[in-house]
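Engineer: Got a sequence here, can you model it:
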Amino acid sequence: MKPETRIVLTEDGSHTLYVDSLDEYYHSRYGAIQESEHIFISKGLNASKGKDIAILEVGFGTGLNALLTYLYGKKNHLKIQYDAIELYPLEDSLIQQLNFNRLLDLENRHLLLDIHKCSWNQVHFLGDDFAIHKMLQDFSLFKPESKYELVYFDAFAPEKQPEMWNEQNFQRLFKAMQIGGIMVTYCAKGEIKRRLKRIGFKVELLKGPPGKHQMIRAVKPG
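Structural biologist: Numbers count the residues shown, from 1 in each chain. The predicted structure follows:
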């Protein structure tokens, strides 16, 4: 069953969504945009090497990470393959109310909607250098084939969705990543860090975004 959600204003002026049944937010209440920019763009995409990058996002959600990645890639002349997996897509009525486009002062005011309008389970191109493949499926059944340079792990918190953070899922991601590939997540819990280390990741705790002390960046060593 698709969870009930409602729009909430965060401290940087950007929207997030609150899921009543889980008592959980899609983004930080201290600022949705600044959280995503810090964790996934600054500590993830900006740390990746090369100009041709395959990215996997676990938890497509509002599409904010995809939007920010597109903008960064365009600015820095990157070629990006963006795969995202999601089991509960948002309703159009919610997407249309999100204020990310306005706050980011985009030339294309419909860019977020364009991303969401891309049909599921098909590859679409937004310009020549950004291909997006949104996959509508349960992550526990996902069998990745590509070799990713970067993974955005943006599932709900471990105490809310423990099945997403189990060791088996991380093992599959580890196998799907290239040597030197990076995984970033807002979570910094000790048990998650230990699981990643047991699998073989090199794990580092980095300074988190406003309102959060730390975050995890895990690298697949050579």
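Engineer: count of neighbours near residue 216?
Structural biologist: By other C-beta atoms under 10 Å, 23 other residues sit near residue 216. (Each C-beta comes from the backbone N, C-alpha and C, glycine too.)
Engineer: That one and residue 75: what is the separation?
Structural biologist: 26 Å (C-beta to C-beta, to the nearest Å).
Engineer: Next, work out how far apart residue 192 and residue 43 are.
Structural biologist: 16 Å.
Engineer: do residue 90 as well
Structural biologist: Residue 90 sits at a distance of 25 Å from residue 43 (criterion: C-beta to C-beta).
Engineer: Give me the more crowded residue out of those two.
Structural biologist: Applying other C-beta under 10 Å to residue 90 and residue 43 shows that residue 43 carries more neighbours, namely 21 against 18.
Engineer: mean confidence score for stretch 125-144?
Structural biologist: Predicted confidence along stretch 125-144 averages 94 (mean pLDDT).
Engineer: Any buried residues in that stretch, and which?
Structural biologist: Buried residues in stretch 125-144, counted by 16 or more other C-beta atoms under 10 Å: 126, 129, 130, 131, 132, 133, 134, 135, 139, 142, 144.
Engineer: Among these, which one sits closest to residue 66?
Structural biologist: Using C-beta to C-beta, residue 132 is the member of the buried residues of stretch 125-144 that lies nearest residue 66, at 6.5 Å.
Engineer: Show only the entries of the buried residues of stretch 125-144 found in strands.
Structural biologist: Counted as lying in strands by DSSP state E, out of the buried residues of stretch 125-144, are 130, 131, 132, 133, 134, 135.
Engineer: of all those residues, which two lie farthest apart?
Structural biologist: 130 and 135 (16.5 Å).
Engineer: Of all pairs in the buried residues of stretch 125-144, which one is the farthest apart?
Structural biologist: By the measure C-beta to C-beta, 129 and 139 form the most distant pair in the buried residues of stretch 125-144, at 26.9 Å.
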